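Peer 1: A predicted structure for the sequence below; I have some questions about it.
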Amino acid sequence: MNKEIARRLETSVRNVEKYVSRLFSKTGTNSRTELVRYALEHGLTK
């Protein structure tokens with residue numbers, strides 16, 4: 001999944017890993033599932 005995200009954002013897999021880690025910290029989540037739930041609950045999706 002990180003590889004796909006990196007390709008779409010035209011960045012490295014390492015940068016995607018850093019972004020996801022920072023999002024976990026900022027939102028108080030521990031998994032991508034929790035992160036998606038957080039985004040949905042806070043209206044952060046299109």
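Peer 2: Thanks, I have the structure now.

Peer 1: Quick check: end-to-end length of stretch 4-19?
Peer 2: Using CA to CA, to the nearest Å, one end of stretch 4-19 lies 14 Å from the other.

Peer 1: Kindly report the same for stretch 20-33.
Peer 2: 12 Å.

Peer 1: how about it: buried residues?
Peer 2: Going by neighbour count (16 or more other CB atoms under 10 Å), the buried part of stretch 20-33 is 20, 24, 29. Quick note: C-beta positions are derived from backbone N, CA and C, even for glycine.

Peer 1: May I see those arranged in JSON lines, with distance to residue 8, secondary structure and pLDDT as well?
Peer 2: Output for those, formatted as JSON lines (distance: CB to CB, whole Å; DSSP: H, G, I helix; E, B strand; the rest coil; pLDDT from 0 to 100):
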{"residue": "20", "distance to residue 8": "14", "secondary structure": "helix", "pLDDT": "97"}
{"residue": "24", "distance to residue 8": "20", "secondary structure": "helix", "pLDDT": "98"}
{"residue": "29", "distance to residue 8": "21", "secondary structure": "coil", "pLDDT": "98"}
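
Peer 1: got CSV for the residues you listed, with distance to residue 13 too?
Peer 2: Listed next are the buried residues of stretch 20-33 as CSV, based on distance: CB to CB, whole Å:
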residue, distance to residue 13
20, 11
24, 17
29, 20
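
Peer 1: of those, closest to residue 12?
Peer 2: residue 20 (12.9 Å; CB to CB).

Peer 1: which residues does that closest one contact?
Peer 2: When contacts are counted by CB atoms under 8 Å, 6 or more residues apart in numbering, residue 20 touches 2, 32, 35.

Peer 1: and the next element down the chain from the helix or strand residue 25 falls within?
Peer 2: If you go by DSSP states H and E, residue 25 is part of helix 13-27. On the C-terminal side of helix 13-27, the closest following helix or strand by DSSP H and E is helix 32-41.

Peer 1: Can you mark which positions in that following helix are buried?
Peer 2: 35, 38.
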